[in-house]
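> Need a 3D model of the following:
(chains A and B)
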Amino acid sequence: MWDMRFDVIVVGGGHAGCEAAAAAARCGAQTLLLTHDPAKLGEMSCNPAIGGVGKGHLVREVDALDGLMGRAADAAGIHFKLLNRSKGPAVRGPRAQADRRLYREAVQALLAETANLTILGEPAEDLVIEDGRLQGVVTGTGRRIACGALVITTGTFLRGVIHIGEQRIPAGRVGEAPSVGLALALERLGLPLARLKTGTPPRLDGRTIDWANLEMQPGDAEPEPLSWLTEAITNRQVECGITHTTARTHEIIRGSLHLSAVYGGRIEGVGPRYCPSVEDKVVRFAQRERHQIFLEPEGLDDPTVYPNGISTSLPEDVQRAMIASIPGLERTVILRPGYAIEYDHVDPRALGPTLECKALPGLFLAGQINGTTGYEEAAAQGLLAGVNAAHVAAGSAAPATLTRAEAYLGVLLDDLTLQGVSEPYRMLTARSEYRLSLRADNAGMRLTEKGIAWGCVGPTRAALHRRFAADVAAALDRARAEGATPAAYAAAGVAVNQDGRWRSALDTLALPAMSAEAAERLFPWLRDLPRRVRAYVEAEALYGPYLARQAGERALLEREEALAIPPEVNFAEIAGLSNEMRDRLQRARPTTLGGAGRLPGITPAAIAALAVHLRRGVSRETA
Amino acid sequence: MSVIFALATGAGRSAVAVMRLSGAGTGEVLAALAGRLPAPRRASLRLLRHAGVELDRALVLWFPGPGSYTGEDSAELHLHGGPAVIAAVAEALAALGARPAEPGEFTRRAFLHGRLDLTAAEGIADLISAETEAQRRQALRQAEGGLAARHAAWAQRLTQLLARQEAFIEFEEEDLPGDLDARVEADAATLRGELEAMLAEGDRGEKLREGLTIAILGAPNAGKSSLLNALAGREAAIVSARAGTTRDVVEVRLILAGVPVTLADTAGLREAADEIEQEGIRRALARAETADLRLLVFAADAAPDEATLALRGPDALVVLNKADLPHAGLEGALPVSARSGEGLAALRQRLEEAAAARAGLAEVAVLTRPRHRAALREAVEELARLPEAGLPELRAEALRRALRALGRLTGRVDVEQVLDVVFGEFCIGK
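Numbers count the residues shown, from 1 in each chain, chains lettered A, B, ... in the order given. Just a heads-up that it's a prediction; the model follows:
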């Protein structure tokens, strides 16, 4: 009755799907990746850039767990920039603009060399559920395929509708069909669905842009790779152009607002606050005379240019007039109009902390289907879901999860599954209360050992990581053991309090008065440290005192995190909770007291009542 | 939550006694007692009956939730204020499934239902225990949300500062105002100044809530106990011509300028041989240490003693007692006579001024509890770290912690609120 059988099936070949399939396969699961069109694996359907502040942190975490995204971005990157270079290491975000074709090729090559992975160019149309258990899927050609666990990563394909002015086209991406059958199957499961929207700008023909009259922005002279496996960036690097909207542009937009899908009232979905359409910008920030636009080349031998900053759903002729009103784009040809897309997403509160559906064990959801936006957010979820799907298929009871204190991925999981989303969710470092310890430069130190235990980290990375960890430990030991007296620091030109107190290198490395030269004069061995090891030691020196101050709060949070709310707790029975608090708790079903405290609208009084109830329950059991 | 009831008026015989009910099911209980539910928030005269027995003719008020004090369905029964009526109605309510409320339970329910924030709930507790007019006004202001409003205004400004700092961190490549980072530091310094000013207002609010202590100190037989009795208007302390009559601390409660004041008479300060007297003197000095104000008493007929002179200072008021006897005066001392009453009015006025200065009712809502002060001080300390923090993420850290400290007063400020400000204030997006 089954045509094929796999441990794990992944539906969808976007960034979440590719990471999920590769991670499951790395964990040893026989894995099948089902997608409409295998040639589109690794497609970047929006902005051709990977990383940034917060997002770059996620890429490094994916990389630390041996994921694909960082390596593919390095192989395809044609313009690298380390954002926030002048700020501290905790908020520095590596970013690469990628050649779209090279990126696809890099992802497909990485998938091709992944053992245990089969790729099939067929859509999934239905789920097979028997006796309340997920058994497998039915594909578009009627093939029945059994599996131990399933990861659905269908992005915006769930009842996607594209809007260009008054035009409405049912689709996932331009030219691709939406998955209606699967949406219906998910709806039958009773998963709560909601509608979101996002948008994209028109694509321009770079050969018709007046580059000579535009301000150009080069990438970093020394590109910072996204993956720690990357030794060097070898692609030719290109520059981006910078231009801006004009008073004329704003006039055109204002005159056509009624034709915009967003403003014409044809879209019900909620859009993101941080990615407004150009219509939104002109309306909400009417006092601004101009808005910045980055002109990002989509490839080395591809004339397509992505004008970052003017996503729109205005009709095509209005888009043409708008583009022509922008300096440098007066004669520019639009290759493809911008559009807004509306799609269904699943309320991620229906998922547990491993992204498994509470209602149907064995079914995992990852990526934009959970209400997030961005390749990086999708990839990170995909990787985690893939690992857990492999574990479930293998009958392992140990879930692979991360807490808010461990990773941005932990923040992402916690926010999604506890708070749900009210707009497409994007990672920001502001979302983490542990920002100083969750850095892009220490992702490996935070996560790779975990990944090794989960089975998703290969031998090459494991060896590289262990060598780095040993180097860091040795360097930190030395920085703690070696130091100098105030007189010696003063002699090296570093002003410290002349209190006669000996200070270690770790105590003084981050002092504003300590230049790199002075540090090397005092501690010549710093010069011999590998660049990343030295950067790590310097970051620890910088943030160490702050992290120590937070230790108390952190301990409190960990205690709250440790106080589990058993699944059998009936919130309706807890004395002292108002009906509203009961509803909120019942809906989100937090698994720890700490999680309950982070739910929106939960009052401190309700947390106190819950804590009393939990403690009472514990003492009754032990009594 | 279960239906609770309690007498809202004092115990004992009175013209009217008010019985309050709250909780899901109040409507049923009320209907069972009064026949049917009256129109919401309208007084109706009803004959209350239970088990075929007529209990009382009462004014009945029905407050459906959530627009009630507790946020739940609630009711009031205005009964005739006799003990038998009250007992009979309470018995009927219990028979109908309601239970007597625990102390403070109505307010606690209001807090749980989000009808009050923490400072407002504290204000109500203070209002109930207010003894003086100034206390009542301070408590009412807090219960009405005066303190919460001041905190909320600060939290809002701090949220805005944090949002700017976060925007500077997250959106480097956006067209943000160039002076964003510098403005954060300047605005944080302004805010810190205001918080410090509030702290510098001192503990007036707490003192008004808790009352002041004034210790009367002086040599034996300076007439401290006579002065206490004269100020109290009654014979609270034993007075005799024998030096060292007062051995332990004797206290009386007064109200001065609307502030509850504890006046403490202490053992005379001298080299005592008697063990009990020594202990009394030790206690006197300890009291002098903790008192808000020290009233130093010298006798006109004796040379000023060194032990008492040593206690002079900004919180000391010096009086020269027995001024009805011939005397040479004492610099800076107010001449009084506990015996003749001379100078007592002036002394009372000086004490009232001193009390008002330390605990008077302020123009605006003030801090009334140590936890308010602690939270505010923590916020100030965090803001003080800003200039030295250097890096934007460290500045953000200080702002976050300051916001968390303020949030402890009235409720949390979470990251979504910060992001709302970021995206509302700046045009961000690609």
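
> rest of the way, CA atoms for contacts and neighbours
Noted.

> contacting residues around the helix or strand containing B:Ala182?
Here B:Ala182 is covered by helix B:180-200, with elements defined by DSSP states H and E. Residues from elsewhere that reach helix B:180-200 (C-alpha atoms under 8 Å, 6 or more residues apart in numbering or on different chains): B:154, B:158, B:161, B:164-165, B:168, B:366, B:373, B:376-377, B:380, B:383-384, B:386-387, B:392.

> Which of the residues you listed fall in helices?
B:154, B:158, B:161, B:164-165, B:168, B:373, B:376-377, B:380, B:383-384, B:386-387, B:392 (DSSP state H).

> What about chain A: which of those touch it?
Checking the ones in helices among the contacts of helix B:180-200 against chain A by C-alpha under 8 Å from any C-alpha of the partner chain, the ones in range are B:Pro392.

> Only whichever of the ones in helices among the contacts of helix B:180-200 are buried, select them in PyMOL.
Selecting only the buried entries of the ones in helices among the contacts of helix B:180-200 in PyMOL, with 16 or more other C-alpha atoms under 10 Å in any protein chain shown as the criterion:
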select buried, chain B and resi 154+158+161+164+165+168+373+376+377+380+383+384+386+392
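
> Please identify which pair of the ones in helices among the contacts of helix B:180-200 lies farthest apart.
By the measure C-alpha to C-alpha, those have their two most distant members at B:Phe168 and B:Arg373, which lie 31.4 Å apart.

> could you pull out the strands for the stretch 51-200 of chain A?
For the stretch 51-200 of chain A, the strands defined by DSSP state E, counting those that start in this stretch cover A:77-83, A:93-98, A:117-120, A:124-130, A:133-139, A:144-152, A:161-164, A:167-170, A:193-200.

> Nearest approach to A:Arg501 belongs to which of the ones you listed?
When the strands of the stretch 51-200 of chain A are compared for distance to A:Arg501 using C-alpha to C-alpha, the nearest one is strand A:93-98, at 37.1 Å.

> what about the helices in the stretch 351-500 of chain A?
Applying DSSP state H, counting those that start in this stretch to the stretch 351-500 of chain A gives helices spanning A:375-393, A:408-414, A:443-454, A:459-481, A:486-491.

> B:Pro38 is nearest to which of the ones you listed?
Nearest to B:Pro38, of those and by C-alpha to C-alpha, is helix A:408-414 at 48.4 Å.

> State the mean pLDDT of that closest one.
For helix A:408-414, mean pLDDT is 95.

> Wondering if that helix reaches chain B at all.
No. Judged by C-alpha under 8 Å from any C-alpha, helix A:408-414 makes no contact with chain B; its nearest approach is 12.2 Å.

> Can you identify the element that follows the helix holding B:Ala182 toward the C-terminus?
With elements assigned by DSSP H and E, the helix or strand that comes after helix B:180-200 is helix B:204-210.

> Tell me how far that next one lies from the chain's centre.
For helix B:204-210, the separation from the chain centroid amounts to 5 Å (computed by C-alpha atoms, centre = their mean, to the nearest Å).

> Would you mind writing the CA trace of stretch A:362-378 as CSV?
Taking Å, rounded to 0.1, in the frame of the first residue of the first chain, the C-alpha atoms of stretch A:362-378 are listed here in CSV:
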residue,chain,number,x,y,z
GLY,A,362,5.5,13.4,14.2
LEU,A,363,4.4,16.5,12.2
PHE,A,364,6.9,19.4,12.3
LEU,A,365,6.4,22.9,10.8
ALA,A,366,9.3,25.2,10.0
GLY,A,367,9.9,28.5,8.3
GLN,A,368,7.6,31.1,7.0
ILE,A,369,4.6,28.8,7.5
ASN,A,370,5.0,29.6,11.2
GLY,A,371,4.7,33.3,10.6
THR,A,372,8.3,34.3,10.4
THR,A,373,10.0,36.3,7.6
GLY,A,374,13.5,36.0,6.2
TYR,A,375,15.8,33.2,5.0
GLU,A,376,17.8,33.1,8.2
GLU,A,377,14.8,32.6,10.5
ALA,A,378,13.5,29.9,8.1
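
> would JSON lines of the helices of the stretch 351-500 of chain A with mean neighbour count be doable?
As requested, the helices of the stretch 351-500 of chain A are exported to JSON lines (neighbours: other C-alpha atoms under 10 Å in any protein chain shown):
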{"stretch": "helix A:375-393", "mean neighbour count": "30"}
{"stretch": "helix A:408-414", "mean neighbour count": "24"}
{"stretch": "helix A:443-454", "mean neighbour count": "19"}
{"stretch": "helix A:459-481", "mean neighbour count": "16"}
{"stretch": "helix A:486-491", "mean neighbour count": "17"}
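
> count of neighbours near the residue of chain A found nearest chain B?
Relative to chain B, the nearest point of chain A is A:Gly309 (3.7 Å; C-alpha to the nearest C-alpha). If you count neighbours by other C-alpha atoms under 10 Å in any protein chain shown, A:Gly309 ends up with 24.
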